[in-house]
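**Student:** Starting from these lines, generate the structure:
(one chain, ligands or ions: 1)
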Amino acid sequence: MNNSILLEVNGLSKVYPNGYEALNDISFVVNKGEFVCIIGRSGAGKSTLLRCINGLILSTQGSVRIQDTYITDLSEKEKLAQRRKIGFIFQEFHLVDRLSAIDNVLTGRLGYTNSFFATIGYFSREHREKALECLGRVNMLHRASYRADRLSGGEKQRVAIARALAQEPLIVLADEPVASLDPELSWSVMGDLRKAAKELGVSTLVNIHDIDTAKHFADRIIGIAQGRILYDGPPALLTDSLLQEIYRGANPAAHSRYEQSAPLPE
Ligand SMILES: Nc1ncnc2c1ncn2[C@@H]1O[C@H](COP(=O)(O)OP(=O)(O)OP(=O)(O)O)[C@@H](O)[C@H]1O
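**Tutor:** This is a model prediction of the structure:
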């Protein structure tokens, strides 16, 4: 087994109960610390893929391995325990509005705390320090005590990123994390996500509509169309004709919101 591989997806297929085949024989690996973007038109199967990886939905065939654990072989109870190691970031943030930013981030520590303490909302100093550290990584320390419903969209997504990092995950899965933000903000939130993931050495898989954002931030791009991988390689080799194939029938330019690329943040 290659030690640099963190995630291995092998021959993954998903047929929904209505007979629709959303994923067809998907295979790829993600190395430790790698930042990978998945592109494809709406309905290509990107969300289904992330949800199969974290076990939220059952695949029909194939396997998903994270380090030495085959997620696809686990019982529902074992999957719940395993999910502590998988941070998930949603397009619509999924914060608890009435809780402060730091309390939202602390929910990322639930997998590490005694269930009685969690019920009464008690988190030790160690957990609070970890939550503050994660908020700091996405430049949100100054908003730690703000209620989530008072935060802007970009701030909410940064708190959601901090919550995912607070889980001390092996991998972060982000499903269209910047689709609700305006172009400039999405650039800076993606920059923060990449920077934090790189600093912590956490592998990251990001579903993203915008081709230029994907090309700018990704170490590697996976292009999906109709549930199949059409491209898996570096951004630099993703040619216009490959993009045409991935966005078959759609105009790839419609998935590009930036005309010029800024330098890649470290
Ligand atoms: N529960 C379901 N039952 C049947 N079909 C489904 C179900 N969930 C998703 N699909 C279909 O599977 C296909 C892939 O959906 P998925 O949400 O994975 O695509 P996506 O690439 O993430 O799209 P988007 O970018 O719009 O979110 C779509 O055609 C969708 O309609």
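
**Student:** Can you classify Arg248 by secondary structure?
**Tutor:** At Arg248 the chain is in coil, as set by DSSP: H, G, I helix; E, B strand; the rest coil.

**Student:** same deal with Ser27?
**Tutor:** Secondary structure for Ser27, judged by three-state DSSP, is strand.

**Student:** got a list of what it touches?
**Tutor:** Taking CB atoms under 8 Å, 6 or more residues apart in numbering as the criterion, Ser27 is in contact with Val9, Asn10, Gly11, Leu12, Gly62, Ile229. Backbone N, C-alpha and C define where each C-beta goes, glycine included.

**Student:** how about the first one, what does it touch?
**Tutor:** The reference is to Val9. Listed by CB under 8 Å, 6+ apart, the contact partners of Val9 are Ile26, Ser27, Phe28, Val29, Leu49, Ile53, Gly62, Ser63, Val64, Arg65.

**Student:** rerun at 7 Å
**Tutor:** Contact analysis of Val9 by CB atoms under 7 Å, 6 or more residues apart in numbering lists Ile26, Ser27, Phe28, Ile53, Val64.

**Student:** Likewise for Asn54?
**Tutor:** By CB under 7 Å, 6+ apart, the contact set of Asn54 is Arg83, Ile86, Phe88, Leu173.

**Student:** and if we set it to 8 Å?
**Tutor:** Contacts of Asn54 were listed using CB under 8 Å, 6+ apart, and they are Ile71, Arg83, Ile86, Phe88, Leu173.

**Student:** Nearest to Arg143 among those?
**Tutor:** Arg143 lies nearest to Phe88 out of the contacts of Asn54, by CB to CB, at 21.5 Å.

**Student:** so does stretch 30-38 get close to the ligand?
**Tutor:** No - using CB under 6 Å from any ligand atom, stretch 30-38 stays clear of the ligand, coming no nearer than 8.4 Å.

**Student:** for that stretch, which positions count as buried?
**Tutor:** Neighbour-count burial for stretch 30-38 flags Val30, Gly33, Glu34, Phe35, Val36, Cys37, Ile38 (criterion: 16 or more other CB atoms under 10 Å).

**Student:** Do me a favour and get the end-to-end distance for it?
**Tutor:** Stretch 30-38 has an end-to-end distance of 12 Å (criterion: CA to CA, to the nearest Å).
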